[in-house]
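Chemist: How does the following fold in three dimensions:
(2 chains)
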Amino acid sequence: NAGVTQTPKFRILKIGQSMTLQCAQDMNHNYMYWYRQDPGMGLKLIYYSVGAGITDKGEVPNGYNVSRSTTEDFPLRLELAAPSQTSVYFCASRKDRADWYEQYFGPGTRLTVT
Amino acid sequence: AQSVTQLGSHVSVSEGALVLLRCNYSSSVPPYLFWYVQYPNQGLQLLLKYTSAATLVKGINGFEAEFKKSETSFHLTKPSAHMSDAAEYFCAVSGPGSARQLTFGSGTQLTVLP
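Modeler: Got it, this is the predicted structure:
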């Protein structure tokens, strides 16, 4: 298993541009999550999904959109990039009730908006 | 609502000394608690988890944590620090409901001095 994979690893965007951060998992996990990590702030939940076709907002959803058309993929869309979205983005997944709700994390995408 | 407080954003210890990283939580439901470690430019890796089976939890790399309900604490310890333990450590609590979102503390950067 590759686990949770994220692309790209790094990206620089100009203000107002859009992009999609890709996340995929091959563990047949139902639950998937997007977090952003800012220095000294820990991880904040952006969006999550409990299964294909079902998504919901987390703590910091403004400026982002998600979709979940398959179990494997959970892309995160930035429509109008702003400097405040400069961060490291992590995708995570977990199986329903297994491993006492442990989440498995991808390697992250480092995004800079200038 | 859940919250996690990690006391000390930076902790320095000498190689061979005791490591103690502090975590206090609040939760509206009986908590599931986690410690994750993040090495530079990498994703998060699970160190250990509390699932109510035992109050003293042993994890990987010689780390352990003790759940103390009366103190709402879940401190992480290791008897003897190794240079390879230098990393950032995050405490997290799992929320209620089926989605079980994780709420993270702000992290503690551990430095190990030779």
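Chemist: Quick check: residues of chain A near chain B?
Modeler: Along chain A, the residues adjacent to chain B under the rule Cβ under 8 Å from any Cβ of the partner chain are A:4, A:31, A:33, A:35, A:40-45, A:48, A:50, A:56, A:58, A:90, A:92, A:94, A:99-108. C-betas here are computed from N, CA, C, even on glycine.
Chemist: One more pass at 7 Å, please.
Modeler: Contact residues, chain A versus chain B (Cβ under 7 Å from any Cβ of the partner chain): A:31, A:40-43, A:45, A:48, A:50, A:58, A:90, A:100-103, A:105-108.
Chemist: Now go through the residues you listed and say which are in helices.
Modeler: Among the residues of chain A next to chain B, the subset assigned to helices under DSSP state H is empty.
Chemist: Which members of those residues are positioned in strands?
Modeler: Members of the residues of chain A next to chain B lying in strands (criterion: DSSP state E): A:31, A:43, A:45, A:48, A:50, A:90, A:105.
Chemist: quick one: which of those has the most company?
Modeler: Neighbour counts for those peak at A:L43, which has 28 neighbours (criterion: other Cβ atoms under 10 Å in any protein chain shown).
Chemist: Do me a favour and average the pLDDT over the helix or strand encompassing A:R36.
Modeler: Assigned by DSSP states H and E, A:R36 belongs to strand A:31-37. Here the mean pLDDT over strand A:31-37 is 95, rounded to a whole number.
Chemist: Could you tell me the angle between that strand and strand A:43-51?
Modeler: Taking axes from the mean of the first three to the mean of the last three Cα atoms, to 10 degrees, one finds that strand A:31-37 is oriented at 160 degrees with respect to strand A:43-51.
Chemist: Any regions of chain A where pLDDT drops low?
Modeler: When residues are selected by pLDDT under 70, those of chain A lie in A:97-100.
Chemist: any idea which residue sits dead centre in it?
Modeler: Taking Cα atoms, centre = their mean as the criterion, A:W34 is the residue nearest the geometric centre of chain A, at 2.9 Å.
Chemist: ok, the nearest residue to it once chain neighbours are set aside - contacts?
Modeler: In space, not counting the residues next to it along the chain, A:W34 is nearest to A:I46; the distance is 4.4 Å by Cβ to Cβ, 6 or more residues apart in numbering or on different chains. Contacts for A:I46 were tallied using Cβ atoms under 7 Å, 6 or more residues apart in numbering or on different chains; they are A:34-36, A:58, A:60-61, A:64, A:76.
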